[in-house]
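> Return a 3D structure for these sequence lines:
(one chain, ligands or ions: 1)
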Amino acid sequence: MTETQADTAERTAAEILTETKKLVDPEIERRLEGLHPRMRGIARYHFGWQDAQGRPDPHGSGGKALRPALAVLGARAAGAAGDEPAVIDAAVAVELIHNFSLLHDDIMDGDRTRRHRPTAWTVFGENQTLLAGCALQTLAFEVLAERSPSAVPALGAMVQELIAGQSEDLELAGNESATVEQCLLMEQGKTASLLSASASLGAQAYGAGPEKVRLLAEYGHHLGMAFQLVDDMLGIWGETDTTGKPVAADLAARKRSAPVVAALSAGSEASGELRAVLAQPGELSAADLVRAADLVERAGGRAWSRERADLHTRESLARLDRLAPPPSALADLAEVTRFLLSRTW
Ligand SMILES: CC(C)=CCC/C(C)=C/CC/C(C)=C/COP(=O)(O)OP(=O)(O)O
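Residues are numbered from 1 along each chain as shown. Modelled structure (predicted):
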């Protein structure tokens, strides 16, 4: 194959994400070396690189590496090769922030399983895991500040949005009168802000112009909204075997995720029944969860979320069109977008 053919050969999302992991994981591992040994151990466990005793874990699989992939692909879309040290640093920084947020989120939600393994806090305790999350967040800023100090305020602003979104999420849980607008604003903060920063930060670190950085940020925002809406649907209708999360986990936690809020706001008979099921005191039984999931669907919450996710998908792809990236970068970004939004896990 000639180099030009190799450039434009279509790659699957799995190949793209695996390649990013190969590029970014060794750098994350190297950066973790600088942490306190206990913090490093918790982080390495969470990333799937070792078990609770510090031995290599054959069952561990870190995440999908979506955010670093977006950083690398975004930079390529802006003309970079994608393996420049500043681009890799940006990719490392967004993945560290993501994993800080997961460590803390699992504690806040009391979730016991992530990536098909016990969550870090159930193994190392809440306090040490909180500290490990803080260590990752700080490390993200340290990494980015080395080669791209001018991008640090963008990372800071994004983390503030992430925290605001998470705070709203906690506040909305169990809130009888939550509106879809409040819910979407919360999802913008807790998920889309990081995807937006991921898609644009690699390009910014590479030195791309403001228009390209803006279009990539908008692409990432819409992708993030669609991604969270898909995640919300999986939180209700996802299969445990594929998601690695308990059945209808979000309903059990009485989360006001988008499908639930849309269903409760529909004002139909099913909405009223759903409200009554969710208002029951104590833990919801398996039968209650099945019924609640059915009521969300009957009240239109699933269809509403699907439509909204499709709308954001179209908006994200429109930004890529306007950006007009090199063909191989466009093909990779479009493939990752399509893959993420049709996922079942
Ligand atoms: C400040 C704070 C605590 C914020 C928490 C915000 C939070 C956890 C939002 C959820 C975002 C989300 C859909 C994660 C799954 O990503 P993924 O499917 O890409 O995960 P992976 O890395 O395991 O693949």
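
> can you list the residues of the stretch 1-150 of the chain near the ligand?
Selection of the stretch 1-150 of the chain residues close to the ligand by Cβ under 6 Å from any ligand atom yields 63, 64, 66, 101, 102, 104, 105, 115. Where C-beta positions appear, they are placed from N, C-alpha and C, glycine not excepted.

> List the contacts of the last one.
Read it as residue 115. 48, 60, 61, 62, 63, 244 (Cβ atoms under 8 Å, 6 or more residues apart in numbering).

> I would like a PyMOL command selecting only the buried ones among those, please.
In PyMOL syntax, the buried subset of the contacts of residue 115 is picked out as below (16 or more other Cβ atoms under 10 Å):
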select buried, resi 48+60+62+63
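
> got the contacts of residue 115 as CSV, with pLDDT and secondary structure columns?
Converted to CSV, these look like this (pLDDT from 0 to 100; DSSP: H, G, I helix; E, B strand; the rest coil):
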residue, pLDDT, secondary structure
48, 95, coil
60, 75, coil
61, 79, coil
62, 83, coil
63, 90, coil
244, 62, coil
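
> where does whichever residue of the stretch 1-150 of the chain sits closest to the ligand fall, phi/psi-wise?
In the stretch 1-150 of the chain, the residue that lies nearest the ligand is residue 63 (2.0 Å; Cβ to the nearest ligand atom). Per-residue torsions, residue 63: phi -80, psi -170 (degrees, to the nearest 10).

> Make TSV out of the contacts of residue 115 and add distance to residue 330.
Below are those laid out as TSV (distance: Cβ to Cβ, whole Å):
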residue	distance to residue 330
48	31
60	33
61	29
62	27
63	24
244	31
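
> quick one: average confidence on stretch 176-189?
For stretch 176-189, the mean per-residue pLDDT is 94.

> Report the distance from it to the chain centre.
17 Å (Cα atoms, centre = their mean, to the nearest Å).

> Is that stretch in proximity to the ligand?
No: counting by Cβ under 6 Å from any ligand atom, the ligand has no neighbours in stretch 176-189; the shortest distance is 8.5 Å.

> how about residue 280, what does it touch?
Taking Cβ under 8 Å, 6+ apart as the test, what residue 280 contacts is residue 288.

> Does it belong to a helix, a strand or coil?
Recorded secondary structure, residue 280: coil (DSSP: H, G, I helix; E, B strand; the rest coil).

> Compare the residues of the stretch 1-150 of the chain next to the ligand and tell me which is most surrounded.
Of all those, the highest neighbour tally under other Cβ atoms under 10 Å goes to residue 66, namely 23 neighbours.

> Would you report the backbone torsion angles of the closest residue to residue 77 other than its chain neighbours?
Nearest non-adjacent residue to residue 77, counting by Cβ to Cβ, 6 or more residues apart in numbering: residue 325, 3.5 Å away. Note on residue 325: its backbone torsions stand at phi -70, psi 170 [degrees, to the nearest 10].

> Which secondary structure elements does the helix or strand harbouring residue 108 sit against?
Using DSSP states H and E, residue 108 sits in helix 85-109. Secondary-structure packing of helix 85-109 (3 or more Cβ pairs under 8 Å, 6 or more residues apart in numbering; DSSP states H and E): helix 13-32, helix 37-46, helix 66-77, helix 120-124, helix 126-147, helix 152-172, helix 193-206.

> quick one: average pLDDT of the very next helix or strand once past that helix?
Counting by DSSP H and E, the next helix or strand C-terminal to helix 85-109 is strand 113-114. Over the span of strand 113-114, the pLDDT mean works out to 90.

> Neighbouring strands of the next helix or strand after strand 113-114 in the sheet, and parallel or not?
Counting by DSSP H and E, the element after strand 113-114 in chain order, helix or strand, is strand 117-118. As defined by DSSP bridges, the strand partners of strand 117-118 come to strand 113-114 (antiparallel).
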